[in-house]
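Novice: sequence plus predicted model, see below.
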Amino acid sequence: MSETQNPLAMQYQHGGFLVKDNLLTRDFISTLRERITDIGAGRVPDFPQSDIEFEPTGDGRVSTTPRKINRCAENDSVFMSAACRNEILDIVEPLIGPDIKLFGSQCFMKPPGGVQKPYHQDSAYFTIEPLSLVTCWIALDDVTVENGCMWVIPGSHVDGIYDHSQPWEVAGRVDMQVPDDSIDRSREVSITLSAGSCSFHHSVLLHRSGPNLTDSHRRGLAVHYMSSRSRWTHPTKTKPIYPLLRGREYEGCV
Ligand SMILES: O=C(O)CCC(=O)C(=O)O
């Protein structure tokens with residue numbers, strides 16, 4: 001089926017995101033949740049502790065509550081099995097083509113009291129061209145406005161990269177966000193999901209997530225996919241090895 005005939009791909013091209021309800025089973029989601037608990041408790045010995053970030057305490061220090069687990073699929077076979085699920089790759093393929101590589105993965109823990117993540121575009125941080133990666137965000141818990149769902153500005157994926165010039169302090173370091181006055185919040189829409197449902201967003205789409213105002217976690221696994229025809233553009237850093245998940249490699253590409 002060509003990109004233009006696929007209704008999901010058309011929706012994605014128009015709005016820069018799409019939602020697929022109940023894409024993964026509750027059993028598989030339970031497996032991922034248990035794996036997160038084991039990693040957090042240090043029961044997965046090979047998982048690098050340096051890839052776990054912690055929540056800020058509000059007084060400039062960092063707590064012992066995990067906020068984010070970086071490189072989950074790259075470090076761990078259980079998470080890699082999530083990144084390789086055919087249910088997901090079958091949706092990604094019409095969006096970026098048949099040759100698909102894993103660019104990265106992160107688990108956003110958003111514990112009770114977890115802080116917001118302000119507006120940003122993933123491609124502002126990704127040194128890959130073209131700027132057309134797609135992120136599958138897998139809901140590991142039921143995700144609501146109250147527990148900090150994602151919000152997006154539909155159609156902003158065609159705007160190009162915004163200035164990320166407003167400092168934002170989190171987890172002991174300063175990150176950058178799109179200045180609040182550049183965003184028209186009257187256009188934003190929330191993405192609420194049941195556990196096992198997934199959203200897919202374009203890497204140039206403006207998005208944020210709210211604070212968690214509830215007393216349970218709002219966990220989400222974000223897996224970033226790119227075409228294996230993409231090019232590495234970082235001026236100094238050596239290109240990492242990106243695993244091929246479907247299709248084929250291309251000479252001189254990522
Ligand atoms: O899950 C979150 O809180 C933020 C997610 C996000 O920014 C992303 O997946 O790019």
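Specialist: That came through, no problem.
Novice: can you pull the contacts of Glu188?
Specialist: Neighbour list for Glu188: 151-153 [criterion: Cβ atoms under 8 Å, 6 or more residues apart in numbering]. Any C-beta I mention is one placed from the backbone N, CA and C, and that applies to glycine too.
Novice: closest one of these to Val178?
Specialist: Relative to Val178, the closest of the contacts of Glu188 is Ile153; by Cβ to Cβ it sits at 9.7 Å.
Novice: quick check: closest non-adjacent residue to the closest one.
Specialist: Leaving aside its sequence neighbours, Ile153 sits nearest to Leu206 (Cβ to Cβ, 6 or more residues apart in numbering; 4.2 Å).
Novice: quick one: low-confidence ranges for the chain?
Specialist: Scanning the chain for pLDDT under 70 picks out the ranges 1-4, 171.
Novice: name only those of the contacts of Glu188 that count as buried.
Specialist: Buried members of the contacts of Glu188, counted by 16 or more other Cβ atoms under 10 Å: 151-153.
Novice: which ones among those residues map onto helices?
Specialist: Per DSSP state H, helices hold no members of those.
Novice: what is the neighbour count of the residue nearest to Ile153?
Specialist: The local packing of Leu206 (other Cβ atoms under 10 Å) involves 24 other residues.
Novice: distance of it relative to the ligand?
Specialist: The gap separating Leu206 from the ligand is 10 Å, by Cβ to the nearest ligand atom, to the nearest Å.
Novice: any idea how far Pro98 is from the ligand?
Specialist: Separation of Pro98 from the ligand (Cβ to the nearest ligand atom): 24 Å.
Novice: my guess is that residue contacts Arg246, does it?
Specialist: Yes: between Pro98 and Arg246 there is a contact under Cβ atoms under 8 Å: 6.7 Å.
Novice: more neighbours, these two?
Specialist: Arg246 (17 against 13).
Novice: the closest residue to that one other than its chain neighbours: what's it in contact with?
Specialist: Of all residues not flanking Arg246 in the chain, Ile100 sits nearest, at 4.4 Å (Cβ to Cβ, 6+ apart). Contact analysis of Ile100 by Cβ under 8 Å, 6+ apart lists 89, 92-93, 225-228, 244-247.
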